[in-house]
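S.K.: starting from these lines, generate the structure:
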Amino acid sequence: MTTRPTQIAILGSTGSIGCRALDVIRDLGPERARVAALVGNSNVDLLWKQVSEHRPGFVGVTDAAAFMEFQGHLQAQGGAVPALSGGPAALLEAVEWEGIDCVVVATVGAIGLRATLRAIERGLRIAIANKEVLVCAGDLVTAAAAKHGAQILPIDSEHAAIFQCLTGHRCEDVRRLLLTSSGGPFRSATLEEMRRATRAEALAHPTWQMGEKITIDSATMMNKGLEIIEAHHLFGVSEEQIDVVVHPESIVHSMVEFQDNTVLAQLSTTDMYLPILCALTWPERVANPVPPLDFAALGQLTFEEPDPVRFPCLALARRAIAEGGTAPAVLNAANEIAVAHFLAEEITLLEIPTMIERALDAHTSTPSPGLEEILAADAWARREVEALCASAS
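M.R.: I've put the predicted structure just below:
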């Protein structure tokens, strides 16, 4: 029996995850996978190259100015695409595009929330790299997936590792999940060194090549805080069952400890190609060009506890889970704005958790929120932290 290739929409195609997803699709070949829709943000030149190579039926550009520029590219080159859309609505239109089987959610921030929920309502496979969607609306997302039969497969290396370790095991047999962290660029730094940290130092990640926002999240370890919230929703475990361990080699991508004291770990070369490939082709195990591990060359693997004093974002994330309701959305939005102001060199690195904590202190959480209440809390937190950062600079 002949089967058609998987039709894939990539939301955030010009980011680091989107680009790597296109590498995976290219290697799978047109008989296995096809790019049906691409949505980028502001990198028009890169988006144009992607469109020229993959010839998707739908192209979206979420940034208004970039959309105008992209239209200019089309006119100058005498090109055309079957469907073209601009603005945030392009994300929704992409998941509505005819014949889509799988949506790669590689956007940054809460902008991907509506589109993800719509893809779930359509019963599509969701390959999710956007932490904020599950952080802000984890209960809504998982409930919708159960209702509509949509499969959510995590792309980030930690949750992809846990997903693989849990496969074939009963939830009641799990004692705890162990999320590994590289420790980021300030794993060995003093508090004073972190206080003086420059933008360039914070962006110098020792292991992964990522976008600026997630690289700063790694520097503050907020990325692990967000991953705790994600794991809570993805795997149905309590916050108390999720631990973080610093593992600077980034070879063990995460672990699961079971009630019988057995620990299963997923190890692989440090390359986002592998969790993306897993999300797009599971349950198959597909041969690929990523080099296998050379255990003799590795020498040793080390682990240590994260320092709660230097990395208070971990405790803030656990607080948001405990408060529930709209608190995680506030945590996420506050972090996004604070990180943006740090990247603009308007606040210090250690002021990021301070801004988040002040936003949580000022917020009264709404229990069991719907989508509009979550988005309202997100908007409130952004305004709140914008004002806090303005007064700090």
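S.K.: wait, residue 252 touches residue 268, no?
M.R.: No - with contact defined as Cβ atoms under 8 Å, residue 252 does not reach residue 268; the gap is 9.2 Å. Every C-beta, even on glycine, is put in place using the N, C-alpha and C of the backbone.
S.K.: the stretch 1-150 of the chain: helices as residue ranges?
M.R.: Using DSSP state H, counting those that start in this stretch, the helices of the stretch 1-150 of the chain run over 16-28, 44-54, 64-77, 89-96, 113-121, 131-148.
S.K.: could you say which of those is packed most deeply?
M.R.: When you average the neighbours per residue for each of the helices of the stretch 1-150 of the chain (mean count of other Cβ atoms under 10 Å), helix 113-121 leads with a mean of 23.
S.K.: pull the distance from the least confident helix or strand in the chain by mean pLDDT to the chain's centre.
M.R.: Within the chain, no helix or strand scores below helix 64-77, which has a mean of 88 by mean pLDDT, DSSP states H and E. Distance, stretch centre to chain centre, for helix 64-77: 28 Å (Cα atoms, centre = their mean, to the nearest Å).
S.K.: what does it contact?
M.R.: With Cβ atoms under 8 Å, 6 or more residues apart in numbering as the test, helix 64-77 has contacts from 40-44, 47-48, 59, 61, 79-81, 84, 86-87.
S.K.: please redo it, this time with the cut-off set to 6 Å
M.R.: Contacts of helix 64-77 with the rest of the structure, by Cβ atoms under 6 Å, 6 or more residues apart in numbering, involve 42, 44, 48, 61, 86.
S.K.: stretch 140-149 too?
M.R.: Contacts of stretch 140-149 (Cβ under 6 Å, 6+ apart): 117, 120-121, 123, 134, 152, 233.
S.K.: how about the strands in the chain?
M.R.: Assigned by DSSP state E, the chain shows strands spanning 6-11, 33-40, 58-61, 83-86, 102-105, 125-128, 152-154, 174-181, 242-246, 252-258, 263-267.
S.K.: next up, the contacts around residue 57.
M.R.: 36, 82.
S.K.: if we use 8 Å, what do you get?
M.R.: Residue 57 is in contact with 36-37, 81-83, 97-98, counting by Cβ under 8 Å, 6+ apart.
S.K.: then residue 163?
M.R.: Contacts of residue 163 (Cβ under 8 Å, 6+ apart): 153-154, 234-235, 278.
S.K.: and which of these is nearest residue 210?
M.R.: Ranked by distance to residue 210 (Cβ to Cβ), the contacts of residue 163 are led by residue 154 at 15.7 Å.
S.K.: number of residues surrounding the nearest residue to the closest one once chain neighbours are set aside?
M.R.: In space, and not counting its chain neighbours, residue 154 is closest to residue 160: 5.2 Å by Cβ to Cβ, 6 or more residues apart in numbering. By other Cβ atoms under 10 Å, 26 other residues sit near residue 160.
S.K.: can you check residue 336 too?
M.R.: Neighbours around residue 336, by other Cβ under 10 Å: 22.
S.K.: the longest helix in this structure is where?
M.R.: Assignment by DSSP state H gives helix 371-392 as the longest helix of the chain.
S.K.: so what touches it?
M.R.: With contact meaning Cβ under 8 Å, 6+ apart, helix 371-392 is reached by 110, 113-114, 117, 136-137, 140, 326, 329-334, 336-338, 341, 346-347, 351, 355-356, 358-359, 362-363, 366, 369.
S.K.: now do that helix: distance to the chain's middle.
M.R.: The answer for helix 371-392 is 21 Å, by Cα atoms, centre = their mean.
S.K.: show me what counts as buried in it.
M.R.: 374-375, 377-378, 380-382, 384-386, 388-389 (16 or more other Cβ atoms under 10 Å).
S.K.: against residue 212, how distant is the closest residue to residue 52 other than its chain neighbours?
M.R.: The shortest distance from residue 52 to any residue that is not its chain neighbour, by Cβ to Cβ, 6+ apart, is 7.8 Å, and that residue is residue 79. From residue 79 across to residue 212, the span is 30 Å (Cβ to Cβ, to the nearest Å).
S.K.: out of the helices of the stretch 1-150 of the chain, which gets the lowest mean score?
M.R.: Comparing mean pLDDT over the helices of the stretch 1-150 of the chain, the weakest stretch is helix 64-77, at a mean of 88.
S.K.: and the angle for that helix with strand 33-40?
M.R.: 120 degrees (axes from the mean of the first three to the mean of the last three Cα atoms, to 10 degrees).
S.K.: tell me what angle helix 64-77 forms with helix 89-96.
M.R.: 70 degrees.
S.K.: for helix 64-77, C-alpha coordinates in PDB please.
M.R.: These are the backbone C-alpha positions of helix 64-77, laid out as PDB (Å, rounded to 0.1, in the frame of the first residue of the first chain):
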ATOM      1  CA  ALA A  64       3.900  43.400   9.700                       C
ATOM      2  CA  ALA A  65       6.900  45.200   8.300                       C
ATOM      3  CA  ALA A  66       8.600  41.900   7.300                       C
ATOM      4  CA  PHE A  67       5.400  40.800   5.600                       C
ATOM      5  CA  MET A  68       5.600  43.900   3.400                       C
ATOM      6  CA  GLU A  69       9.200  43.200   2.700                       C
ATOM      7  CA  PHE A  70       8.500  39.600   1.800                       C
ATOM      8  CA  GLN A  71       5.800  40.700  -0.700                       C
ATOM      9  CA  GLY A  72       8.400  43.000  -2.200                       C
ATOM     10  CA  HIS A  73      10.700  39.900  -2.600                       C
ATOM     11  CA  LEU A  74       7.900  38.100  -4.400                       C
ATOM     12  CA  GLN A  75       7.300  41.000  -6.800                       C
ATOM     13  CA  ALA A  76      11.000  41.600  -7.500                       C
ATOM     14  CA  GLN A  77      11.600  37.900  -8.200                       C
END
